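Enquirer: what shape does this take:
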Amino acid sequence: MKIDLRSDTVTKPSKEMLDAMYLAPVGDDVFEEDPTVIELENTSANIFGKEAGIFCPSGTMTNQIAIRLHTQPGSEVICDKLSHIYNYEGGGIALNSLSSVKLLAGAGGRFTADDVLKSIQPDDIHSPVSKVVSLENTMNKGGGSCYDFEEIYAIRETCHEHGLALHLDGARLFNALVATGQKAKAYGEVFDTISICLSKGLGAPIGSLLLGGHDDIKRAKRVRKVMGGAWRQAGYIAAAGHYALDHHIDRLVEDHDKAKVIGKVLETLDYVEEVYPCETNILIFKLTDKYDNKAFTQKLADNGVHAFGFGPQLIRFVTHLDFTNDHMDQLIKVLKSL
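Expert: Model prediction:
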């Protein structure tokens, strides 16, 4: 039995999702003639109360398009030092937008309105120009941690007062909504742009959307084209995303519960020094000196379990749609045997 906890991106489409893909009506999306893509974009925008959306191959692309929309050469992006846009998007802020970053050190990757206020550059020709604040929710490197919405609103107010745009990297936003009970439309009210991913917890094979106002999404289509992200009969892929939105949101709580159960087991094991707080489907734990990352992940692999090291002595497990109860039982046996 292979157990893959490297990421929630490893899921494969179910038969029902594949059927939806096979039967999808399609057209040429470059000509804005693919009805399934149009339906997905409109549905996603409506969920968050935004005016429009654009379907893209990846969350990296949707994030980078948003940053491009909100900046100009010489701008500065305010984000956390743990954020995906800084650590895992290939230096795209510099490459695509000719902008720099102001890195904050929030708790678990979550900074505050006061942090933002203190980071805004002065109106001085020697300084870059603060243009956009980017949040990530849930925060991957923060162990799937969720923002308190009151803090998000306070950050929004600070941005308004200082003329800054506010972007959300919501790759796992649906996990946050399920875990906290927060409302999607409340996010649409405070963020200028929102990136959501369909291929993580929701289980689609590919695809993310950028949501925003009509003018921003019109400009986003031009940026997507320049980045090579325009596609033709993309409705086959969009149908998978639509199926995921219809069927895979509420079940995310199952992934969260499994991650928390694993965390409780890890707390009892002598080779685990610390289990980080677990709010959603990402579980990070710290090893004692009995193992280093390489030795531990190899031990897991020898027993059919695949995971990543996530920093010095840190391991990350990510539960997901394809991680079954049988996988769970076998994983616990393996962990207790090491």
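
Enquirer: quick one: the strands in the stretch 151-300 of the chain?
Expert: Under the criterion DSSP state E, counting those that start in this stretch, the stretch 151-300 of the chain carries strands at the ranges 165-170, 193-197, 208-212, 272-275, 282-287.

Enquirer: out of these, flag the one nearest Tyr22.
Expert: Checking the strands of the stretch 151-300 of the chain against Tyr22 by Cβ to Cβ gives strand 208-212 as the closest, at 21.9 Å. For glycine as for every other residue, the C-beta is placed from the backbone atoms N, C-alpha and C.

Enquirer: and the closest one, what does it pack onto?
Expert: Applying 3 or more Cβ pairs under 8 Å, 6 or more residues apart in numbering; DSSP states H and E, we find strand 208-212 packed against helix 35-48, strand 52-56, helix 59-70, strand 193-197, helix 214-226.

Enquirer: what about that strand, distance to the chain center?
Expert: Taking Cα atoms, centre = their mean, to the nearest Å, one finds strand 208-212 lying 12 Å from the centre of the chain it belongs to.

Enquirer: partners of that strand in the sheet?
Expert: Sheet pairing of strand 208-212 (DSSP bridges) gives strand 52-56 (antiparallel), strand 193-197 (antiparallel).

Enquirer: what bridges to Phe316?
Expert: Phe isn't right for residue 316; it's Arg. Counting by DSSP bridges, Arg316 is bridged to Ile284, Phe308.

Enquirer: so how far is Thr9 from it?
Expert: Distance, Arg316 to Thr9, using Cβ to Cβ, to the nearest Å: 13 Å.

Enquirer: what does Asp192 give?
Expert: In terms of Cβ to Cβ, Asp192 sits 27 Å off from Thr9.

Enquirer: compare these two and say which is more crowded by neighbours.
Expert: Per other Cβ atoms under 10 Å, whichever of Asp192 and Thr9 has more neighbours is Asp192, with 21 against 17.

Enquirer: just checking, the more buried one touches His160?
Expert: No. In this structure Asp192 lies outside contact range of His160 using Cβ atoms under 8 Å: 10.4 Å.

Enquirer: re earlier: buried deepest among the helices and strands packed on strand 208-212, which one?
Expert: strand 193-197 (a mean of 28; mean count of other Cβ atoms under 10 Å).

Enquirer: ends of stretch 50-65, what's the gap?
Expert: With Cα to Cα, to the nearest Å as the measure, stretch 50-65 spans 17 Å from end to end.

Enquirer: biggest strand in the protein, by residue count?
Expert: strand 129-136 (DSSP state E).

Enquirer: which residues in this protein form helices?
Expert: 15-22, 35-48, 59-70, 84-87, 92-97, 113-119, 149-161, 173-180, 184-190, 214-226, 235-247, 252-266, 293-302, 325-337 (DSSP state H).
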